[in-house]
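In: Could you work out the structure for the sequence below:
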Amino acid sequence: MSFVSQRRGRWYFWALAPGFLLVHLIVSTCLPEKLDPLSTFFIVLAEMGALTAALLVSRQAESRARILWWLLSAALIFHSTAMSLDAVTEALGAPMFNHVPGLSIFFSMLSGVPLLAAVSMQFDSRILKVARVTNAILSLAIGALLYVQIFSLLTLHGSTNLADALLISHLFDGIDLFLAVAATIRWFGSDHAAERGFFRVAAIFLWLNTLFPAVHNRILIRHDYVWLDLLISTPYVVLFVLITAGRRKESVPPSARIVHLVQSGSSIFLSIALLALGVIAVRTHFYLGLTASLLSIVSYGVLSTLAQSRGRETEEALLTSRESLEGLVGVDSLTGIPNRWAFDQTLIREWANARRANSPVSLLMIDVDNFKLLNDTQGHQVGDWCLTRIASAVSAALPRATDFVARYGGEEFSAILAATDGPGAEEVAKKICVAVADLSLSHPGSTFGIVTVSVGISTYDGLPQHSTEDLIWAADQALYKAKHRGRNRFESVPIGGTRGWLATTGRKGV
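Out: Coordinates of the predicted model:
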C-alpha cells in the first residue's frame with residue numbers, strides 16, 4: 001500500500017497544520033529578538049516535512065509520476081537550502097539590514113527550474129528524443145540566465161538597495177505566477193490519474209506560494225516583522241498535508257479535446273519562460289538577453305516542427321492502417337480472394353461505369369456442384385481445401401486483369417466482367433468450368449467423379465430501368481437452371497426477363 005493510501009482519510013493531518021502554524025506564530029512573536037532565527041528554522045522544518053512526504057510518495061509512484069515527484073523534491077531542496085542559509089546568517093548576526101541576500105535569493109530562484117521542467121514534461125512515448133533534449137537545454141538556459149541576472153544586480157553578500165529588492169520581488173512574483181498557471185493547466189488537462197493527482201497538489205501549493213510570499217515581500221521591504229515568516233511556511237505546511245492526507249475520490253478525467261490541447265501547449269512553457277527572462281535581461285545584458293530570446297524562439301520552432309512532423313507521420317500511418325484494414329475487410333480469409341463486401345462495392349462501381357459509357361457488364365454466379373455431399377463424406381477440412389483450389393482456378397481462368405472474382409458466400413463464387421457482352425461472358429464461363437474440372441479433385445458423390453461447378457450468366461444491356469438487383473436475380477436464375485439441367489454447365493438468363501426460365505443458351509462445360 002502506498003504512502004498516500006495509508007493516510008487517506010486521516011483527519012489529524014489537517015489538525016496538525018494549524019497546530020504547527022500556531023507554534024510558529026508563538027515563536028515568531030513571543031520569544032526574545034535574539035531567538036528570531038528559530039522562526040526561519042520553522043520554515044526549513046516545514047519544507048523538510050514536505051520534502052520527506054514527496055520522497056516517500058515517489059518511492060511508491062509509477063514511473064511517470066515518480067519523475068514529477070522527484071522534480072518537486074529538487075525544488076524543495078533548493079528552497080530549503082536558501083532558507084537554511086538565511087537561518088545561518090541570522091544566527092551569526094548580519095552586520096546590516098539586508099533586503100536581498102544574494103546566495104539565498106539565487107537558490108530560491110533556482111527552485112523554480114525543476115518546477116518549470118515538471119509543468120513542461122510530456123510522457124507520451126511518441127515524443128522524440130530531440131524534444132526531450134531541447135527541453136533539457138531550455139531548463140539549463142533558464143537556470144544560467146537566472147544566475148547572471150541575479151548576480152548582475154547583487155553580490156553574494158546581497159544588497160541594501162530597496163530598488164533591487166523591488167526588482168527581485170517582481171521577478172519572483174512573475175515566476176511564481178507562471179508556475180501556478182502552468183500547473184493548473186496541467187491539472188485540468190491530464191488524462192492520467194497519477195499525473196493529475198500530482199498537478200492537483202502542485203497547483204494548490206504553487207498558488208499559495210504565489211500569493212503568500214508576494215504579500216510577505218511587500219510588507220518586509222518596509223517592516224521587518226518576524227511573524228511574516230508564517231506567510232512563507234504556510235504553503236509548505238499545506239503541501240505536506242496535501243501529500244500525506246491525500247483524497248478519497250478521483251476527479252473526473254477531462255475531455256479528450258482538452259487533453260490534446262494541453263498536451264500540445266505544455267511543451268512551450270519552457271520557451272515562454274526563457275523568452276520572458278531574455279526580454280528582462282536585454283536591459284542589462286543586451287546580447288545575452290537577445291541570445292536567450294532567440295534560443296527560445298528557435299526551440300519553439302524545433303518543437304513545433306517535431307510536433308507537425310509527428311502529426312503528419314501519425315496521419316500517414318492512420319491512412320495506411322485504414323487502407324490495410326479496408327483491404328482485410330474486403331478479403332475472404334479462407335480463399336484469399338475478395339469477399340462479399342468487396343463484391344458489392346465493385347458491382348456498384350462497374351454498374352455506374354457501364355451506365356456512363358453505355359457499355360455492357362456481365363455477371364457470373366458460380367456454384368460448386370454437390371458441395372454439401374462433399375463436406376458430409378470427406379469432411380469440412382477437405383471441403384475448405386477444395387474451395388481454396390477452386391478460387392485459384394477461377395481467378396486464373398479470367399482473361400483480363402480488370403475481371404473481378406469474389407467468394408459470394410459458402411461454396412458460391414461470382415465474377416464481374418466489365419465491358420463484356422453475353423457471348424464473351426459465355427466464353428469465360430466455359431473456361432471456368434473447364435479449369436475447375438481440370439483440377440481433377442476427387443468427389444465420389446458426384447456423377448462426374450470429380451469436383452465441378454455450374455455457372456449462371458446475366459448481362460446488363462444498358463437500359464436505365466434495370467438495377468444491380470435485377471442483374472443478380474437474373475444470374476441466380478441462370479445458375480438454378482444450370483443446376484436443374486444436370487450441373488457442370490453454364491446457362492444464361494437475360495436481365496429483366498420474365499420471372500421464370502428464359503434460357504437463350506445451355507451448354508455443358510465439359
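In: what are the ranges of the helices in the stretch 1-150 of the chain?
Out: 3-7, 12-30, 37-60, 63-92, 102-110, 112-120, 129-153 (DSSP state H, counting those that start in this stretch).
In: where's Ser233 relative to Ala180, distance?
Out: Here Ser233 is placed at a distance of 18 Å from Ala180 (Cβ to Cβ, to the nearest Å). For glycine as for every other residue, the C-beta is placed from the backbone atoms N, C-alpha and C.
In: Could I get the contacting residues of the closest residue to Ala478 other than its chain neighbours?
Out: Once flanking residues are discounted, Ala478 sits nearest to Gly456: 3.3 Å by Cβ to Cβ, 6 or more residues apart in numbering. When contacts are counted by Cβ atoms under 8 Å, 6 or more residues apart in numbering, Gly456 touches 364-365, 367, 475-482, 490-493.
In: Doesn't Gly456 lie inside a strand?
Out: Yes: counting by DSSP: H, G, I helix; E, B strand; the rest coil, Gly456 is found in a strand.
In: Name the residues linked to it by a beta bridge.
Out: Under DSSP bridges, the beta-bridge partners of Gly456 are Met365, Glu491.
In: any idea how far it lies from Ala475?
Out: For Gly456 relative to Ala475 (Cβ to Cβ), the value is 5 Å.
In: Find the residues that touch each one of the two.
Out: Common contacts of Gly456 and Ala475 (Cβ under 8 Å, 6+ apart): 364-365, 493.
In: ok so, going back, ranking the helices of the stretch 1-150 of the chain by burial, who's on top?
Out: helix 112-120 (a mean of 23; mean count of other Cβ atoms under 10 Å).
In: Show the average pLDDT along that one.
Out: When pLDDT is averaged along helix 112-120, the result is 84.
In: which other residues reach it?
Out: 68, 71-72, 74-75, 78, 135, 138-139, 142-143, 146, 175-176, 179, 182-183, 185-186, 199, 202, 206, 266-267, 269-270, 273.
In: Count the neighbours of Asn358 for me.
Out: 7 (other Cβ atoms under 10 Å).
In: residues touching it, list them.
Out: Counted by Cβ under 8 Å, 6+ apart, Asn358 has contacts Gly462.
In: Now the phi/psi pair for it, please.
Out: Asn358 adopts backbone torsions of phi 50, psi 50, taken as degrees, to the nearest 10.
In: Ala17 versus the closest residue to Val27 other than its chain neighbours, what's the distance?
Out: Among residues not flanking Val27 along the chain, Leu38 sits closest, at 5.1 Å (Cβ to Cβ, 6+ apart). Note on Leu38: its distance to Ala17, by Cβ to Cβ, is 19 Å.
In: And for Asp367?
Out: Distance of Asp367 to Ala17, given as Cβ to Cβ: 83 Å.
In: Okay, now the unreliable bits of the stretch 51-200 of the chain?
Out: Residues of the stretch 51-200 of the chain that meet the criterion pLDDT under 70 lie in 93-102, 123-129, 132, 151, 153-165.
In: so what's Pro315 up against?
Out: In this structure residue 315 is Glu, not Pro. Counting by Cβ under 8 Å, 6+ apart, Glu315 has no contacts.
In: Quick check: pLDDT value at the residue nearest to Ala478.
Out: pLDDT, Gly456: 97.
In: Same check on Leu220?
Out: Here the pLDDT value assigned to Leu220 is 69.
In: Quick one: the helices in the stretch 201-350 of the chain, in order.
Out: Under DSSP H, counting those that start in this stretch, the stretch 201-350 of the chain gives helices at 230-245, 256-265, 269-281, 286-329, 340-357.
In: Quick check: which of these is nearest to Gln60?
Out: Closest approach to Gln60 among the helices of the stretch 201-350 of the chain is made by helix 230-245 (11.8 Å; Cβ to Cβ).
In: re the thing from before, could you single out the nearest of the contacts of Gly456 to Ala396?
Out: For those, the minimum distance to Ala396 (Cβ to Cβ) is 14.7 Å, reached by Leu364.
In: is it true that that closest one touches Val453?
Out: No: in this structure, Leu364 is not within contact of Val453 by Cβ atoms under 8 Å, at 10.1 Å.
In: Include distance to Ile219 when you put the helices of the stretch 1-150 of the chain into a markdown table, please.
Out: Formatted as a markdown table, the helices of the stretch 1-150 of the chain follow (distance: least, Cβ to Cβ, whole Å):
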| stretch | distance to Ile219 |
| --- | --- |
| helix 3-7 | 35 |
| helix 12-30 | 14 |
| helix 37-60 | 15 |
| helix 63-92 | 17 |
| helix 102-110 | 17 |
| helix 112-120 | 22 |
| helix 129-153 | 22 |
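In: out of those, nearest to Arg356?
Out: That would be helix 129-153 among the helices of the stretch 1-150 of the chain, by Cβ to Cβ, at 51.2 Å.
In: Okay then, goodbye and thanks.
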